[in-house]
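In: build me a model:
(one chain, ligands or ions: 1)
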Amino acid sequence: MPKDKEFNAAMLKDSGYRPRTAQESLSETVLDSIERARAKGYSRDEAMALLFRSTIVGPDVMESLISAILAGSHILLFGPSGTGKTSLAKELWRIFPKEVMAVEGCPVQDDPFSVFDKEHHARSPCCPSCESRFGPGGEFDPSMVDPSSVPVVRTRLREGYGLARVQGSAEVFPDNLTGVFNLHRLEEIGDPTSPLVLEPGKLLQANRGLLLVDEVGKLPLGTQNVLLQALQEGIVTPAKSRETFPAGFVAVTTSNLRDLDAINEPLNDRLTNIYVDYIREHSRNRRILEVARRPDPRGVMMPEILMHASIFTVEAWRDLSVDLPELSEVGSNRTILDMVSRSIAYALLRGSRQVAVEDFEKGVKDAMYGRIRARGGDSFQRNEEIVREYLSGNMELSVERGFRLYWCTFFQRDLGASAQRAEKLARAISEGSIPGGADGDLLAKFISVNERNAGGLTDEEVRSAVVGIMGQMKDFGCRPAQGP
Ligand SMILES: [Zn+2]
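Out: Numbering: from 1, shown residues only. Predicted structure coming up:
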């Protein structure tokens, strides 16, 4: 292919290039990636999970989302706070194919075919800047444009240029979405990309790519209507203008449950609704910690037991379904992550590189209290009381469940030993006797496996951590059971 400088739309056409809408680009990439994973022997669920590798959601959510993309729909991800909706929306941008061919100098990165190809122009019209630049005047007719007069660049979609993000709030006005366009200024200045001619709003910035709208129900009605018009007609009319711009993007929006009613019904009808609920399976929630957390840079170790305990604490809270808006964030995935980082902070304050149960107890409280929304002192105290009471009944139980899971996993998965043997050994230790013989060997193996898993700690630190784990088991009167 010749250098971009000399490259024009006639050459692009001869190269066999086929123009695609944003929907088509995204859906082709998704399908292609799934088919490639299937060809390597991955199952359908694995192939879908590989596609969205930084977000853990249930397989049903993944499946609905992917089928919506393949269908070319706009999307609304809704559900409780902290279930990964925003993170899923961002992953769609990561997946989105960003290399595109565009009209050189076009402020909204039009596809060159939009300018001269009648068929593509009907689906994705070019912008008024391109019309006045390439059209001979009067009514614009793409079949009158000579493709060799349209300069083409290969470019990369990026924020403001194929990606626009909107955070829903009462302060987002229609102009923020449409932008401002002044055709008279274009005739004077001649440069369609001059900010005096065009201030592209979010909808124009998103052309050919993605529009991400977080908390769409928080947008004022007038702003929602502008978005609706863009989705219905595929065009945007900037303020102070009668000209229309192309709005060829995939809209991915999110909403929490409370703001659902605030989404204008015709707008909601244009969006494929996908419910993103909390994940019920403990092992998937454990994966969230793996995916979202980096190992602590200071080398502080959070025992696996307490990782599980953090998750159990939040899972049991979710099961209570406390229906108070001020408490809606307490059960979020972010709370689990906070619990871990707060527990680590308390270990550091104690001068230790090993999180102990006392650090965990403080960290869990901080993380949960920190997610209570304050609406005046009284209501905060009342809500704090609810969380405190919950923790006083649940925290020990969560640690115990964490230990059981860890202990049993260790024996069954890592050692291939029976639960009965695990129980016998646990009882001996909890009664203060140090086992000998084969059981003693098993304990030694338990310690050595822990050593391998605890990077950055000395042998002695690992040994004392394992003794601590044994101690915890005694403290909580834990008896190993068949799984959690
Ligand atoms: Zn253009």
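
In: make it CA atoms for all contacts and neighbour counts henceforth
Out: Noted.

In: residue 126 and residue 392, how far apart?
Out: Plainly put, residue 126 is 63 Å away from residue 392 if you go by C-alpha to C-alpha, to the nearest Å.

In: who has more neighbours out of those two?
Out: Ranked by neighbour count (other C-alpha atoms under 10 Å), residue 126 and residue 392 place residue 126 first, with 27 against 10.

In: and that one, how far from the ion?
Out: 5 Å (C-alpha to the ion, to the nearest Å).

In: report the contact partners of the residue lying closest to residue 244 once chain neighbours are set aside.
Out: Among residues not flanking residue 244 along the chain, residue 237 sits closest, at 4.6 Å (C-alpha to C-alpha, 6 or more residues apart in numbering). By C-alpha atoms under 8 Å, 6 or more residues apart in numbering, the contact set of residue 237 is 178, 243-245.

In: top of those by neighbour count?
Out: In those, the most neighbours by other C-alpha under 10 Å go to residue 178, 27 neighbours.

In: just the contacts of residue 237: which are in strands?
Out: residue 245 (DSSP state E).

In: make CSV from the contacts of residue 237 and add pLDDT to it.
Out: Listed next are those as CSV, based on pLDDT from 0 to 100:
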residue, pLDDT
178, 94
243, 84
244, 88
245, 91
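
In: so which pair among the contacts of residue 237 is furthest apart in space?
Out: 178 and 243 (11.4 Å; C-alpha to C-alpha).

In: ok, and the closest non-adjacent residue to residue 302?
Out: Closest to residue 302 by C-alpha to C-alpha, 6+ apart is residue 355, at 5.2 Å.

In: what's around that neighbour, how many residues?
Out: Neighbours of residue 355 (other C-alpha under 10 Å): 22.

In: thought it was touching residue 296?
Out: No: applying C-alpha atoms under 8 Å as the test, residue 355 and residue 296 come out as separate, 11.5 Å apart.

In: what is in contact with the two at once?
Out: Counting by C-alpha under 8 Å, 6+ apart, nothing touches both residue 355 and residue 296.

In: hang on, residue 111 packs against residue 19?
Out: Yes: here residue 111 reaches residue 19: they are 7.1 Å apart, a contact under C-alpha under 8 Å.

In: so which of those two has more stuff around it?
Out: More crowded of residue 111 and residue 19, by other C-alpha under 10 Å: residue 111, with 27 against 18.

In: so who does the nearest residue to residue 330 once chain neighbours are set aside touch?
Out: Among residues not flanking residue 330 along the chain, residue 371 sits closest, at 5.1 Å (C-alpha to C-alpha, 6+ apart). Residues near residue 371 by C-alpha under 8 Å, 6+ apart: 327, 329-330, 335.

In: surely residue 254 forms part of a helix?
Out: No: under DSSP: H, G, I helix; E, B strand; the rest coil, residue 254 sits outside any helix and is assigned strand.

In: any idea how far it lies from the ion?
Out: 30 Å.

In: what's the answer for residue 154, then?
Out: 15 Å.

In: that residue: neighbouring residues, count only.
Out: Around residue 154 there are 14 residues (other C-alpha under 10 Å).

In: can you name the residues of this protein that neighbour the ion?
Out: Counting by C-alpha under 5 Å from the ion, the chain comes close to the ion at 106, 110, 127, 130.

In: ok, the first one touching residue 130?
Out: Same thing as residue 106. Yes: Residue 106 is within contact range of residue 130, at 6.6 Å (criterion: C-alpha under 8 Å).

In: helix, strand or coil: sort out residue 185 for me.
Out: Going by three-state DSSP: residue 185 is helix.

In: which residue packs closest to residue 33, ignoring adjacent ones?
Out: residue 51 (7.1 Å).

In: who's in contact with the one you found?
Out: Residue 51 touches 30, 33-34, 95, counting by C-alpha under 8 Å, 6+ apart.

In: and the contacts of the helix or strand residue 11 falls within?
Out: Using DSSP states H and E, residue 11 falls within helix 9-14. Helix 9-14 has contacts (C-alpha under 8 Å, 6+ apart) with 112-113, 146-152.

In: weed out the non-buried ones from those residues.
Out: Buried by 16 or more other C-alpha atoms under 10 Å: 112-113, 147, 150-152, out of the contacts of helix 9-14.

In: measure residue 438 to the ion for me?
Out: Residue 438 is 77 Å from the ion, by C-alpha to the ion.

In: what residues does residue 79 make contact with?
Out: Residue 79 touches 85, 255-257, 275-277, counting by C-alpha under 8 Å, 6+ apart.

In: could you redo the last one with a cut-off of 7 Å?
Out: By C-alpha atoms under 7 Å, 6 or more residues apart in numbering, residue 79 lies in contact with 255-257, 275-277.

In: now residue 80
Out: Residue 80 touches 256-257, 277, counting by C-alpha under 7 Å, 6+ apart.

In: how about the backbone phi and psi for the residue nearest to residue 360 when sequence neighbours are not counted?
Out: Distances taken as C-alpha to C-alpha, 6+ apart place residue 343 nearest to residue 360, at 4.7 Å, with adjacent residues excluded. Phi and psi for residue 343, reported as degrees, to the nearest 10, are phi -60, psi -40.

In: I figured residue 343 hits residue 357, correct?
Out: No: counting by C-alpha atoms under 7 Å, residue 343 stays clear of residue 357, with 8.8 Å between them.

In: looking at the two, which has the bigger crowd around it?
Out: The residue with more neighbours, out of residue 343 and residue 357, is residue 343; 29 against 19, by other C-alpha under 10 Å.

In: kindly state the pLDDT recorded for that one?
Out: Note on residue 343: pLDDT of 94.
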